[in-house]
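*Asks:* Sharing a model that was predicted from the sequence below.
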Amino acid sequence: MQKLEIFGSKKLKGQIKISGSKNAALPILAATLLTNKKIIIKNLPNVSDIKTMITLLQSLGSRITTNKSQTIVDNSKQKKKFASYNLVKTMRAGILVLGPLLAKFGFAKVSLPGGCAIGTRPIDIHLKSLSKLGVKYKIDQGYVIAEAPKGLKGNKIRFAKISVGATENLIIAASFAKGTTILSNCAIEPEIKDLVNFLNKMGCKIEWISTRKIKIIGVSKLKEISYTIMFDRIEAGTYLIAAAITQGNLILQNIIPKVIKTEIEILKKIGSKILVKKNWLQIKGNKKIRNIKIKTAPYPGFPTDLQAQIMVLLCKSNKKSIIQENIFENRFMHVAELNRMGAKISIDGNKAIIKGNTNFQSAELMATDLRASVSLILAALTTQGKSVINRIYHLDRGYENIEKKLKKVGAKIKRV
Ligand code: UD1
């Protein structure tokens, strides 16, 4: 099994090109199922979650070819409506094929994703909302078997809770329903805006009518298009923190800084100096790191997907910091490993209390999920000796060429 070896104590310096967004690409790939026309997708990140989604689409009959700069999806022969446990269990976003399959065929059998390291992660909101479009479903032997024999019909739906995945599944399904759908209490993550832009470019009629409300007029024909996926804001946030924690000086390219305004403001408060331009930014880390209280929240709040990374930075602050995790119930798996490296973090319900003034020590470590693994890299970058991170397949799910990118800006990191 592959591991990462990291020798710390290097200030990161140079330029990093941010990749395409995994979380934008996943629903966009699923949404290609709506059409038999050829779709060209650019800026797809080369990470294992995207490979899993491509394998899932291929198992449904999609023909997908990738060369260096673009991926071509051809669904003209796509007929299968069955998404197997083997594929959905490895990546929860597999549930995103449910909406498009129902819209296209009026039937789908998709494995329930089950829980994962960060919480139980049910799909009740996806299912309840789809039933309001006319879907009847049952759960049988770990599968959702859903059908809409008369097709989907537009409706007014208010999500009981803000959910990224449920908003995406419903936007995709309602785009092909008969009549008009109004979705309210929608998630408004930038990746959802990217999905809407993609669908509208294909010929869907989707319009934001207020901040969390969207109007969708169902269509039945779509066009052949080429679409470029937005940048990965979580990857960008991770490298911002890498610069801050190593007192480095990094330029991040291929981004739109206004999308990550919350993260930039928080890093500035903590002490980093950040120069913002239209499609790049420069960050210089400061020796003194100020303490802060952070709560994770749906966009435009601070992302749960950066919670583990910012925690590592706050371990270096001069006083006590508090992070409140409001999205997932079990997202502090990284704490035990960080404490093994010398951090002083205690957990009180959904709050992590971070004592600060930590000098991380190198150690042999175990990655537990995608963002937790990268937080261990960040901590290891600040140590004197050699750290070894095991189970890095978690990392490969969402970070493209991470060791190459870090090496290019001066980190001593090696995959073994
Ligand atoms: C997406 C992101 C993930 C991110 C999360 C929150 C992708 C592929 N993944 O995950 O990286 O951490 O948003 O920003 O884009 N919930 C229910 N019932 C449901 C659906 C969700 O109770 O039917 C709960 C979840 O358990 C969680 C909260 O709602 O507590 C938010 O989850 P959701 O926004 O749906 O996250 P995902 O779409 O799974």
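*Replies:* Perfect, I can see it now. Numbers count the residues shown, from 1 in each chain.
*Asks:* I'd like to know how many residues surround Lys295.
*Replies:* For Lys295, the tally of surrounding residues (other CB atoms under 10 Å) stands at 15. All C-beta spots, glycine's among them, are computed from the backbone N, C-alpha and C.
*Asks:* show me the contacts for it.
*Replies:* Gly301, Phe302, Ile323, Gln324, Asn326 (CB atoms under 8 Å, 6 or more residues apart in numbering).
*Asks:* what about burial for those, which qualify?
*Replies:* Buried residues within these, defined by neighbour count using 16 or more other CB atoms under 10 Å: Phe302, Ile323, Gln324.
*Asks:* which one of those residues is nearest the ligand?
*Replies:* Phe302 (10.6 Å; CB to the nearest ligand atom).
*Asks:* thought that closest one was touching Ile264?
*Replies:* No. Checked against CB atoms under 8 Å, the pair Phe302 and Ile264 is beyond contact range at 11.3 Å.
*Asks:* Over to Leu4: give its phi and psi.
*Replies:* phi -110, psi 140 (degrees, to the nearest 10).
*Asks:* which residues does it contact?
*Replies:* Ile377, Val388, Ile389, Ile392, Leu395, Glu403, Ile413, Lys414, Arg415, Val416.
*Asks:* One more: Arg158?
*Replies:* Here Arg158 is in contact with Leu183, Ser184, Asn185 (CB under 8 Å, 6+ apart).
*Asks:* Give me the PyMOL select line for these, limited to the buried ones.
*Replies:* To isolate the buried ones among those in PyMOL, judged by 16+ other CB under 10 Å, type:
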select buried, resi 183
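*Asks:* Pull out the buried positions in stretch 82-99.
*Replies:* Judged by neighbour count using 16+ other CB under 10 Å, the buried positions of stretch 82-99 are 83, 85, 87-88, 90-99.
*Asks:* er, stretch 316-331 actually
*Replies:* Lys316, Ser317, Ser321, Ile323, Gln324, Glu325, Ile327, Phe328, Arg331.
*Asks:* so what's the first one scoring on pLDDT?
*Replies:* Looking back up the chat, that one is Lys316. Looking at Lys316, its pLDDT is 97.
*Asks:* what's the spacing between it and Lys13?
*Replies:* 18 Å (CB to CB, to the nearest Å).
*Asks:* got it, and the third one?
*Replies:* When distances are taken as CB to CB, Ser321 and Lys13 turn out to be 26 Å apart.
*Asks:* Next up, phi/psi of the residue nearest to Ser272 when sequence neighbours are not counted, please.
*Replies:* Of all residues not flanking Ser272 in the chain, Ala244 sits nearest, at 4.7 Å (CB to CB, 6 or more residues apart in numbering). Main-chain torsions, Ala244, degrees, to the nearest 10: phi -60, psi -40.
*Asks:* can you check Gly179 too?
*Replies:* Torsion angles, degrees, to the nearest 10, at Gly179: phi 90, psi -160.
*Asks:* In contact with it, which residues?
*Replies:* Contact analysis of Gly179 by CB under 8 Å, 6+ apart lists Lys153, Gly154, Ile217, Gly218.
*Asks:* Before we move on, what's the pLDDT of the third one?
*Replies:* This points to Ile217. On pLDDT, Ile217 comes in at 98.
*Asks:* and it, how many neighbours does it have?
*Replies:* By the measure other CB under 10 Å, the count of residues near Ile217 is 15.
*Asks:* Can you tell me who it pairs with across the strands?
*Replies:* Thr180, Lys205 (DSSP bridges).
*Asks:* Who are the packing partners of the helix or strand containing Phe198?
*Replies:* Per DSSP states H and E: Phe198 is located in helix 190-202. Other helices and strands packing on helix 190-202, by 3 or more CB pairs under 8 Å, 6 or more residues apart in numbering; DSSP states H and E, are helix 22-31, helix 164-175, strand 205-210, strand 225-228.
*Asks:* How about residues contacting that helix?
*Replies:* 21, 23-24, 27-28, 31, 34-35, 37, 39, 164, 167-168, 171-172, 175, 186, 206, 208, 214, 222-223, 225, 227, 229-230, 233, 259, 299.
*Asks:* What about the ligand: which of these touch it?
*Replies:* Asn23, Val164 (CB under 6 Å from any ligand atom).
*Asks:* Give me the buried subset of the contacts of helix 190-202.
*Replies:* 21, 23-24, 27-28, 31, 34-35, 37, 39, 164, 167-168, 171-172, 175, 186, 206, 214, 222, 225, 227, 229-230, 233, 259, 299.
*Asks:* Checking Gly342 next. Helix, strand or coil?
*Replies:* Classification of Gly342 using DSSP: H, G, I helix; E, B strand; the rest coil returns coil.
*Asks:* which non-adjacent residue is nearest it?
*Replies:* That would be Gln361: by CB to CB, 6+ apart, it lies 4.7 Å from Gly342.
*Asks:* Tell me how many other residues surround that neighbour.
*Replies:* For Gln361, the count of nearby residues is 17 (other CB under 10 Å).
*Asks:* again, but for Gly154
*Replies:* Gly154: 19 neighbours (other CB under 10 Å).
*Asks:* Surely it is in contact with Leu133?
*Replies:* Yes. In this structure, Gly154 is within contact of Leu133 by CB under 8 Å, at 7.2 Å.
*Asks:* Overlap of the contact sets of these two?
*Replies:* Joint contacts of Gly154 and Leu133 (CB under 8 Å, 6+ apart) are Ala174, Ala177, Thr181.
*Asks:* with these in mind, which one is nearest to the ligand?
*Replies:* Nearest member of the shared contacts of Gly154 and Leu133 to the ligand, counting by CB to the nearest ligand atom, is Ala174, at 16.3 Å.
*Asks:* residue contacts, that closest one?
*Replies:* Leu133, Leu152, Gly154, Thr181, Leu183, Ile216, Gly218.
*Asks:* Now Ala372. Nearest residue, chain neighbours left out?
*Replies:* Closest to Ala372 by CB to CB, 6+ apart is His334, at 3.8 Å.
*Asks:* For Leu370, see how far away the one you found is.
*Replies:* 11 Å.
*Asks:* Just want to know which of those two has more residues nearby.
*Replies:* His334 (27 against 24).
*Asks:* Tell me which residues touch Ala236, please.
*Replies:* Ile18, Leu252, Ile255, Ile260, Glu263.
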